[in-house]
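Engineer: Got a predicted structure here, sequence first:
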Amino acid sequence: MNAHARNCVIEPRTCRSTSLLAAALCITLSAPVSLRAQQHPVTVPELRLDATSARIPRLELSGGAVIPVGIYVRLALSAGAGVTRQSGLIRPAGRADAIARFELDPLKQHTRGAWIGGGLSLLGRDGPHVRAYLALVAGVELHQRAGWVPSIEAGLGGGARVSVGVHRAMQLWR
């Protein structure tokens, strides 16, 4: 055999390794998405209705996004508008929230999920009257319906607050 022919011979061990690698690649590519180990959750939209009971009561409708930061943490950013009642008059009001939620069941092992969280609430009314408040919240996600997850939240931030909301369901995580 000449030198060129000797270099082109594939050893059985290399052929077996290549076959196993090709088989593993085919199985991985044909596996359903839900079986893949490295899932990256995406940002999902959220709609909320917030009622705040304080010296000046408020009601706001807001929209925003829930951004996964890790397995257990979600960052909920929202902004909205509504009304406030002061001295018997109804006036426009606005709200912006940045709340970090710690999920107690992030991998959907139970039908309902709960979270606790904290962050910052900006409450505005009548032009430049904006105040920042520390917000502390606790919430519960209810059973998913048609790809949407309803939730109820209570907490403190510019007064006692209660929220009902709905956000798009994430495939594997809450």
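Structural biologist: Here it is on my side, so go on.

Engineer: Give me the below-cutoff pLDDT ranges for this structure.
Structural biologist: Segments of the chain classed as low confidence (criterion: pLDDT under 70) are 1-40, 127, 172-174.

Engineer: which residues of it fall in strands?
Structural biologist: With DSSP state E applied, the chain shows strands at 44-53, 58-68, 73-86, 89-103, 113-125, 129-141, 148-156, 160-168, listed in chain order.

Engineer: what's the angle between the last one and strand 129-141?
Structural biologist: Meaning strand 160-168. Between strand 160-168 and strand 129-141, the angle comes out at 60 degrees (axes from the mean of the first three to the mean of the last three C-alpha atoms, to 10 degrees).

Engineer: Quickly run through the sheet partners of strand 160-168, with directions.
Structural biologist: According to DSSP bridges, strand 160-168 has the following sheet partners: strand 44-53 (antiparallel), strand 148-156 (antiparallel).

Engineer: Output those in CSV; the columns should cover distance to R95.
Structural biologist: (Each C-beta comes from the backbone N, C-alpha and C, glycine too.) Shown next, in CSV, are the strands paired with strand 160-168 (distance: least, C-beta to C-beta, whole Å):
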stretch, distance to R95
strand 44-53, 6
strand 148-156, 13
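
Engineer: Domain parsing of this protein, as residue ranges.
Structural biologist: According to automatic domain parsing, the chain comprises the domains 3-35, 44-168.

Engineer: out of these, deepest packed?
Structural biologist: Mean neighbours per residue, mean count of other C-beta atoms under 10 Å, is largest over these for domain 44-168, with a mean of 16.

Engineer: Bridge partners for the spatially most central residue of the chain, pull those for me.
Structural biologist: Nearest to the centroid of the C-alpha atoms of the chain, with distances taken as C-alpha atoms, centre = their mean, sits V66, at 3.4 Å. V66 forms beta bridges with V44, A76, as assigned by DSSP bridges.

Engineer: Just to check, it is in contact with H167?
Structural biologist: Yes. If you go by C-beta atoms under 8 Å, V66 and H167 touch, sitting 5.3 Å apart.
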